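Q: Below is the sequence, then the predicted model.
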Amino acid sequence: MELIDALTTNHTSFFREQAHFDFLVQNILSDRNWRGHLRIWSAASSTGEEPYSIAFTARENLGSRSLDIPRILATDISTRVLETARKGMYKADRFQGGVPSWLRKHLLRGENRWEGWYRIRPEISAMVDFRRVNLIDPLPQLGRFGVIFCRNVMIYFSRTTQEKVVKRLAACLEPGGYLFIGHSESLTGIDHGLEQIQPAIYRNRGGHR
Ligand SMILES: C[S@@+](CC[C@H](N)C(=O)[O-])C[C@H]1O[C@@H](n2cnc3c(N)ncnc32)[C@H](O)[C@@H]1O
């Protein structure tokens, strides 16, 4: 595990690559066809900023209607980052430019010795299940997802491994489901069977359910 930690970076941030969160709001959370059964997978979740950003976005746009709230699976190869993610405690400086006012209601502000820290509120963390998964190994049974975020991890894999991983991820997409990759990553030349609909956004062609 330490070797893998040394080879890759765990760098991440809240709402990294904002265009994906805008797309989530405009095209997926607003689509009634996904309501009530949307599952989202953050496939290299690092210290949790990505899955919690997805959860904040969903809460903010769907309110607390429990039937509509998506389930989020967050996985990473590193048990160390998963432990940090599960704790859901972040220093204020993790929120670049400060915590926006709309986000404050989803966070608990630390006091006394926790001054300068924020904790993810339980109703947000309850939306996310964390689990260790190595994307390079054959995947365990995870079910199907409407959206998979697999961002800024494949860049560390060889082309052959990228191809294997993308095919496995594509097989986990619901018909009409979306794969988000990092904006600096590319699937050019990889035979994945998905349709590219925007930079870094791919869709499983097999019609909407
Ligand atoms: C640069 S971070 C990206 C985090 C987040 N997806 C983002 O875009 O901000 C890359 C993460 O991929 C994880 N990782 C590296 N190799 C992996 C593998 N084979 N399977 C699953 N996760 C892996 C690392 O532990 C690290 O947390």
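A: Received the coordinates, thanks.

Q: And the helices in this structure, which stretches?
A: Along the chain, counting by DSSP state H, helices occupy 2-7, 18-23, 49-62, 79-87, 101-104, 122-125, 159-171.

Q: Enumerate the residues of the chain near the ligand.
A: Selection of the chain residues close to the ligand by Cβ under 6 Å from any ligand atom yields 4, 8-12, 16, 44, 46, 50, 76-78, 81, 134-136, 151-153, 156, 182. The C-beta positions use only the backbone N, C-alpha and C, and glycine is treated the same way.

Q: ok, of those residues, which come out buried?
A: 8, 12, 16, 44, 46, 50, 76-78, 81, 135, 151-153, 182 (16 or more other Cβ atoms under 10 Å).

Q: For residue 35, state which of those is nearest.
A: residue 50 (22.5 Å; Cβ to Cβ).

Q: Quick check: that closest one vs residue 43, distance?
A: 9 Å (Cβ to Cβ, to the nearest Å).

Q: swap in residue 90?
A: Residue 90 is 21 Å from residue 43, by Cβ to Cβ.

Q: who's more crowded, these two?
A: A side-by-side neighbour count of residue 90 and residue 43, using other Cβ atoms under 10 Å, places residue 43 first with 26 against 21.

Q: With adjacent residues omitted, what lies nearest to the more buried one?
A: residue 150 (4.2 Å; Cβ to Cβ, 6 or more residues apart in numbering).

Q: How about the contacts made by the one you found?
A: Contact analysis of residue 150 by Cβ atoms under 8 Å, 6 or more residues apart in numbering lists 43, 44, 135, 165, 169, 179, 180, 181.

Q: what residue ranges in the chain score low on pLDDT?
A: The chain contains residues with pLDDT under 70 at 1-7, 66, 207-209.
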